[in-house]
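Peer 1: pasting the sequence and the predicted coordinates here, then a few questions.
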Amino acid sequence: MLKLNNLKPQRGSTKNRKRLGRGSGSGHGPTAGKGDKGQLQRSGGTSRPGFEGGQTPLYRRLAKRGFTNIHAKDHAVVNLADLTAFLPTDVSEVTLESLQELGLAKRRTDRLVVLANGEITRSIKVKAHRVSESAVKKIQAAGGSVEIVKVG
């Protein structure tokens with residue numbers, strides 16, 4: 001019968017640890033498996049990641065690709081379906097600031113873009129930096145209005 005006092009690991013699932021520097025008969029004797037002389041035999045003797053023994057490393061041989069545009073503007077993209085699903089009924093005006101307060105625009109963003117994916121059923125006033133034409137039609141059909149915010 002299987003009890004806690006007679007549990008054993010599965011046969012072959014465990015190995016004895018390698019005992020280094022315990023005599024020449026152990027197979028890992030005087031040099032502890034590190035060989036004779038050289039950087040890797042010394043204490044603390046490791047090279048940094050990417051070091052290739054003095055050969056020019058791969059990360060320096062390959063060309064750099066691409067760049068980061070420091071003038072890029074971050075856009076918060078919101079669909080009409082998101083406004084319908086997540087906008088509380090007491091909110092009648094949608095701006096970038098109001099969406100950040102509600103958590104719909106999570107990162108720090110510079111501009112608000114409204115797209116027409118989904119339907120909108122109630123009247124809201126949208127103040128955004130860009131609104132697609134079909135989104136304008138859907139918002140106005142629901143009785144709302146759209147104001148384009150100029151970037152200054």
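Peer 2: All right, it came through fine. Residues are numbered from 1 along each chain as shown.

Peer 1: okay, and for the chain, where does confidence drop off?
Peer 2: Along the chain, segments meeting pLDDT under 70 span 152.

Peer 1: in three-state terms, label the residue sitting furthest away from the middle of it for me.
Peer 2: The C-alpha centroid of the chain is most remote from Gly25, which lies 51.5 Å away (Cα atoms, centre = their mean). Assigned with DSSP: H, G, I helix; E, B strand; the rest coil, Gly25 falls in the helix class.

Peer 1: quick one: it and Gly143, what's the gap?
Peer 2: To Gly143, Gly25 is 91 Å away according to Cβ to Cβ, to the nearest Å. (Glycine included, C-beta is placed from N, CA and C.)

Peer 1: same question for Val94.
Peer 2: 14 Å.

Peer 1: more neighbours: which of the two?
Peer 2: Set side by side, Val94 and Gly143 show more neighbours around Val94, with 23 against 11, by other Cβ atoms under 10 Å.

Peer 1: run through the residues that contact the closest residue to the more buried one other than its chain neighbours.
Peer 2: Spatial nearest neighbour of Val94, excluding adjacent residues (Cβ to Cβ, 6 or more residues apart in numbering): Val126 at 4.8 Å. Shown in contact with Val126 (Cβ atoms under 8 Å, 6 or more residues apart in numbering): Glu93, Val94, Val114, Ile139, Gly144, Ser145, Val146, Glu147.
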